[in-house]
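Trainee: Let's see this in three dimensions:
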Amino acid sequence: MRPVLRRPLTTIRFAALIGLLAAPAVADEGRGSSAARYMPPTAALFATLRDGDEQVRALCELLESVEFTESKPYAALTANADLFRAQTMFAGLAATAGLDPWSAVAALLGRETAVGLVPTGRGRPDVMVVTIAREPQRLDRLLEAVHRFAGLSPNGAPDAQRSREIVGVRVYSLNENVHDCRVDDALLVSNSGELLRSMLEQRASAASLAASESYRNAESQVPAAAVAWGYADLARIRSVIRHGEGLPEKLPNPLAGFLFGGWWHALRNADAAVAWAVLRGRSLEIAGRLEAAVPLPETHRGFAPRGLQPLTWSADELPGFLGEVVVARGWRDLFSEREALLSLQAASDVVNVSNTLTALMGQLDFVDDVLGNVVGPARLVLARQDFGGRGYTPTPKLPGFALIAPLRTDPDLGLTQRLYSASQIALSILSMDAAQQGRPALLMDLETYQGCRILAGAYPRPGQPGASGMMMQPPARQPQRADRTTTRAASGPASEPTRPPGAPIAYNFEPCAAVVNDHYLVATDRALLRRLIDRIREGKPATATAAREQAGTTDWLALKAPELLAVLKDNREELVVNRMLEQDEPREQAERVIDALLGVLRYFDDLSLRAERREGGYHATLWISLRASPIQEP
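Mentor: So this is what the prediction gives:
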């Protein structure tokens, strides 16, 4: 059965407003963006959706094929009272125009829908929404229904008090912030009557966004297959921001500065950014380009490292593999140039960390002798943990993660021995800190696996001597909000949130470390560490990994949606209780929201993000893969 909008719209007037203003941005394939002809040349942001009406029909078929109307996410949406009223009102509005709801949405989107934002210097930007109709008659019927219900055309004639003619075009004003008109095959809606007037007066000239050089340069980068694209005139945006606080040159967070400092520099200096989306079967590819106006300065050389070794093994096939982050940086250069990259406080924090780690390494300089010997991308691997053989199950059940750094282990430095020594000292400090806070100390262990030494620590099992400090505390009940008292009383006694049984959260962690084949590994799960040792020894890169290296990828993120879904399902009760406490919701409502989230994830397969530093700027591509059918409930 075709999905039907059976539920919400607050008022018919609001329904019309949502339909006209919330349409995604568009562009017409093969002919460029005709909507840009109605955009002012001063627009700093522009986004467009190509063939939106056809995309609506494709969406209907997709929702029908996956039986979305029978899913928990759809049930959660339709259970919302406001949404139910809104859908009902919109259905009535569409019926007045002789259309079903989906046809009404398609008429509003047309063959192209675009939105542009114009900085004003007054805080709030001017907005222009343009729809290029494929079937103008349908759009006119729908617009006529909107005007009639909004009181703009009583008895079928324009209200002279709420409309006016500009160069032969009738412009309607719902209020001081909503103005619309039909011109040629386009519908124009804006929050500024003055902007709408100026565009109507200039439409016979070439003074539009479509004629600007920055727009044409951005459009030339967009592939013909893109269903949507957008661009930002960063130079214009910065000129407006500078009148206010501006973009800080240095980031206040060390981790953010070292991870995203290169992107931040490009953002502060680039002329424009462009992004687009392409549908390939059941996969969505979103690509972005940030073209820098100036090259990276020498102080930022750590964001464009040279001579890093390629990846020699893959984590993709690990049992329970959840995801991975691969980051290529010149870490020694970043630490050395910290004052140029970070705020004064952040740089000071980095110095303190560096001094502490130097002390742990037996006064072996952390920046020069450790970071200077990192010869490849750093990797963070996440995987589901199996608690079957441990004799306990913590609540919540968190995935294990491991940090891996490939090293040049110079025998003269004795780096391997110093890394083991530093790891043992770090575990001892963690154990001492726990004891000072009344929690159990870590039980140290040294294991040999496949010829590799594994240094590990673990907490005493629940019930064993010394584990009493790990007792879970019952959650403190948040004060009930006054506005929910009446609702709770009317609906009967609410279910009090109770934490699910299980060992404390600390039992998710078994800190461990090892050095294998010139790789330093630190993990929270000993089983994961053993599997990584096996993978590193095998040294068989997967096809995906090889492709990344051939593409010159610098950073990579991969996420397996089925494993993420499994992790969240393992912790469903904990998520429900947390929502009950944080939102002060009854159990039924909290369960509905959490189940809707889990239901959405059932339709996803993989997500991956690639970010590259290229000559002239940064390129990023996001891939989202959907399943042919949702993951079935057990």
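Trainee: What distance do you get for the residue of the chain positioned farthest from its centre to Ala224?
Mentor: For the chain, the largest distance from the centre (CA atoms, centre = their mean) belongs to Asn155, which lies 48.5 Å off. Using CB to CB, to the nearest Å, Asn155 is found at 47 Å from Ala224. C-betas here are computed from N, CA, C, even on glycine.
Trainee: For Pro254, give me its contacts.
Mentor: The contact partners of Pro254, by CB atoms under 8 Å, 6 or more residues apart in numbering, come to 338, 342, 346-347, 349-350, 353.
Trainee: Show me which pair in these is furthest apart.
Mentor: Leu342 and Val353 (12.0 Å; CB to CB).
Trainee: In terms of neighbours, single out the busier of the two.
Mentor: Remark: of Leu342 and Val353, Leu342 carries more neighbours, 23 against 13, as counted by other CB atoms under 10 Å.
Trainee: ok, that one - contacts?
Mentor: By CB under 8 Å, 6+ apart, the contact list for Leu342 reads 250-252, 254, 257, 350.
Trainee: Excluding sequence neighbours, find me the nearest residue to Ala91.
Mentor: Excluding the flanking residues, the one nearest Ala91 by CB to CB, 6 or more residues apart in numbering is Pro101, at 5.0 Å.
Trainee: What of Leu200?
Mentor: Excluding the flanking residues, the one nearest Leu200 by CB to CB, 6+ apart is Ile166, at 4.9 Å.
Trainee: ok, now Leu109?
Mentor: Gly52 (2.8 Å).
Trainee: how far away is that neighbour from Thr131?
Mentor: Counting by CB to CB, the gap from Gly52 to Thr131 is 8 Å.
Trainee: What of Glu585?
Mentor: 38 Å.
Trainee: quick one on the thing from earlier: what number of neighbouring residues does the residue nearest to Leu200 come out with?
Mentor: A total of 16 residues lie near Ile166 under the criterion other CB under 10 Å.
Trainee: can you pull the contacts of it?
Mentor: When contacts are counted by CB under 8 Å, 6+ apart, Ile166 is found next to 181, 196-197, 200-201.
Trainee: helices and strands around the longest helix along the chain, which ones?
Mentor: Criterion DSSP state H: the longest helix present in the chain is helix 415-436. On a contact count with 3 or more CB pairs under 8 Å, 6 or more residues apart in numbering; DSSP states H and E, helix 415-436 meets helix 344-360, strand 443-449, strand 452-458, strand 512-516.
Trainee: per-residue pLDDT, Ile18?
Mentor: Per-residue confidence at Ile18 stands at 32 (pLDDT).
Trainee: I should have written Glu574 there, sorry.
Mentor: As predicted, Glu574 sits at a pLDDT of 93.
Trainee: Convert the C-alpha atoms of stretch 266-274 to CSV, please.
Mentor: What follows is stretch 266-274, C-alpha atoms only, in CSV (Å, rounded to 0.1, in the frame of the first residue of the first chain):
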residue,chain,number,x,y,z
ALA,A,266,41.2,26.3,5.1
LEU,A,267,37.7,27.4,6.3
ARG,A,268,39.2,30.7,7.5
ASN,A,269,40.9,31.4,4.2
ALA,A,270,39.0,29.6,1.5
ASP,A,271,36.9,31.6,-1.0
ALA,A,272,34.1,29.0,-1.4
ALA,A,273,32.9,25.6,-0.3
VAL,A,274,30.7,23.3,-2.5
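Trainee: Looking at Glu585 and Thr131, which has the bigger crowd around it?
Mentor: Thr131 (29 against 18).
Trainee: Mind listing residues that contact the strand or helix carrying the more buried one?
Mentor: Using DSSP states H and E, Thr131 falls within strand 126-132. With contact meaning CB under 8 Å, 6+ apart, strand 126-132 is reached by 20-21, 23, 26, 28, 34-35, 38-40, 43, 108-118, 120, 139, 185-192, 195-196, 199.
Trainee: most neighbours per residue, which of the helices and strands packed on helix 415-436?
Mentor: Highest mean neighbour count among those (mean count of other CB atoms under 10 Å): strand 512-516, with a mean of 23.
Trainee: List of residues touching that one?
Mentor: Applying CB under 8 Å, 6+ apart, the external contacts of strand 512-516 come out as 407, 409, 416, 419-420, 423, 449-450, 452-457, 520-526, 529, 533, 536-537.
Trainee: List the strands paired with that strand, with their directions.
Mentor: Using DSSP bridges, the strands paired with strand 512-516 are strand 452-458 (antiparallel), strand 519-523 (antiparallel).
Trainee: Next, the angle from the longest one to helix 415-436.
Mentor: Using axes from the mean of the first three to the mean of the last three CA atoms, to 10 degrees, the inter-axis angle of strand 452-458 relative to helix 415-436 is 10 degrees.
Trainee: again with the shortest one
Mentor: What separates the directions of strand 519-523 and helix 415-436 is an angle of 10 degrees, with the same axes, to 10 degrees.
Trainee: what about strand 519-523, distance to the chain center?
Mentor: Relative to its chain's centre, strand 519-523 lies at 28 Å (CA atoms, centre = their mean, to the nearest Å).
Trainee: Spell out the secondary structure type for Leu152.
Mentor: Three-state assignment for Leu152 (DSSP: H, G, I helix; E, B strand; the rest coil): coil.
Trainee: ok, for it, nearest residue in space, not its chain neighbours?
Mentor: Leu152's closest residue in space is Tyr172 (CB to CB, 6+ apart), at 4.8 Å.
Trainee: Would you confirm that that neighbour belongs to a strand?
Mentor: Yes - with three-state DSSP as the criterion, Tyr172 is part of a strand.
Trainee: my guess is it contacts Arg162, does it?
Mentor: Yes - counting by CB atoms under 8 Å, Tyr172 touches Arg162, with 6.6 Å between them.
Trainee: and for these two, which residues touch both?
Mentor: With CB under 8 Å, 6+ apart as the test, Tyr172 and Arg162 both reach Leu152.
Trainee: Could you check which of those two is surrounded by more residues?
Mentor: Tyr172 (21 against 17).
Trainee: which stretches of the stretch 201-350 of the chain aren't confidently modelled?
Mentor: 204-206, 242-246 (pLDDT under 70).
Trainee: Could you pull out the helices in the stretch 251-400 of the chain for me?
Mentor: 254-269, 331-336, 338-341, 344-360 (DSSP state H, counting those that start in this stretch).
Trainee: what packs against the second one?
Mentor: In terms of contact count using 3+ CB pairs under 8 Å, 6+ apart, helix 331-336 is assigned the packing partners helix 254-269.
Trainee: Measure how the helix it packs on sits relative to helix 344-360, angle-wise.
Mentor: 140 degrees.
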